[in-house]
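> need a structure here:
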Amino acid sequence: MSTVGTDDLVDRLAAAIQARILSGEIPSHSRLRQASLAAEFGVSRTPVREALRKLQSTGVVVLEPHRGAVVRGTTPHEVREAYLVRAELEGLAAELATAHITDEELGRLHEAQELFRGSIETEIERRRSGEPPEPWSAENDWERANNLFHEVIQHASGNRQLLAAIAHLHRSFPRHLTWTALSRSSHLLGENVEQHNRILDALERRDPPAARTEMAAHVRSAGELVAVLLERSR
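From the prediction side, this is the model:
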C-alpha cells in the first residue's frame, strides 16, 4: 500500500471514530480496542493504531499505559473556555458577513430558520404529550437546520482562516450535548429560536455590531447550557 493510500485510510478511520465520539455514540471514558475497531472497519491494526494516535494529537482520546486508547472526557471549565473563544470567532464571522452576505444566502438562512423553528415546535409538542425528548442524531432536523444556519453565516464572512479556527473548536466537543441540554426545556427551545431570529434580523439590516453581539451571546448561552449539563451529570 502506498504512503498516500495509507495516510488517506488513517485520516478516514480517524474521522469515522471521531464522528462517533462527537455524536455521543461512543461515550466519554470508553476504551477503544484496536482489535475490535480493526475488525469492524475491515482493516489491520496498524492504520487503526495510527488513527488513534492522530486523535490523541487533537485531544479527542488519551493513550494510557496498559489500557490503550480511552475517550477523553470534557470538563465544564474546558467547555466554558472553548465556547468563550468560539463566541468571539462566530461573532466576528457574523460581523464580517453583514458586508458580504447575498440575497441568496439570506434566503437559505430563512429556509434554515423555518426548518429550525419547525423542529423546535415538534419537540415542544413531544414534551407536552409526555413523550421523551428526541435523541440527538446527525439527521435530526434541529441539527441539520442549526448547522446550515451557522455555516451560511460563516461562509458569508469570506475569511478562510476564521472558518478553520471555528471548525477546529467544533471538532473538539461533543455536538450532541447542546441538543441534550436544550431538549429538556420548552423555554430554552423557544429562546434558541428567538436567538436565531435576532441574528438573522441583524444580518438583514446589515448591522455589524448587532450581528456580532447577537451571535456571540447565542454561542455563549449554548456553552453555559452544556457546562451546566456536565456539572449536573457529575
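> how about the strands of the protein, start to end?
31-32, 61-64, 68-71 (DSSP state E).
> Name the stretch among these that sits most buried.
strand 68-71 (a mean of 19; mean count of other CB atoms under 10 Å). In this view, the C-beta of every residue, glycine as well, is placed from N, C-alpha and C.
> average pLDDT across that strand?
For strand 68-71, the mean pLDDT works out to 90.
> Stretch 155-172 now?
Stretch 155-172 shows a mean pLDDT of 91.
> So which residues make contact with that stretch?
Outside stretch 155-172, the residues that touch it by CB atoms under 8 Å, 6 or more residues apart in numbering are 18, 22, 58-60, 82, 85-86, 89-90, 92-94, 96-97, 100-102, 105, 154.
> Tell me which residues of it come out buried.
For stretch 155-172, burial by neighbour count (16 or more other CB atoms under 10 Å) applies to 155-157, 159, 162-163, 165-166, 171-172.
> likewise stretch 198-212?
Neighbour count says stretch 198-212 has 198-200, 202-203, 208, 210-212 buried, by 16+ other CB under 10 Å.
> same check, this time on stretch 120-134
So, applying 16+ other CB under 10 Å, buried residues of stretch 120-134: 120, 123-124.
> Of the residues you listed, which is the nearest to residue 71?
Lowest distance from residue 71 to the buried residues of stretch 120-134 (CB to CB) belongs to residue 123, with 27.7 Å.
> Which one of the strands of the chain lies nearest to residue 146?
strand 68-71 (24.0 Å).
> Least confident secondary structure element in the chain?
When the helices and strands of the chain are scored by mean pLDDT, DSSP states H and E, helix 3-23 comes last with a mean of 76.
> Buried residues of that one, list them for me.
9-10, 13-14, 17-18, 21-22.
> which of the buried residues of stretch 198-212 lies closest to residue 70?
Among the buried residues of stretch 198-212, residue 199 lies closest to residue 70 (CB to CB), at 37.8 Å.
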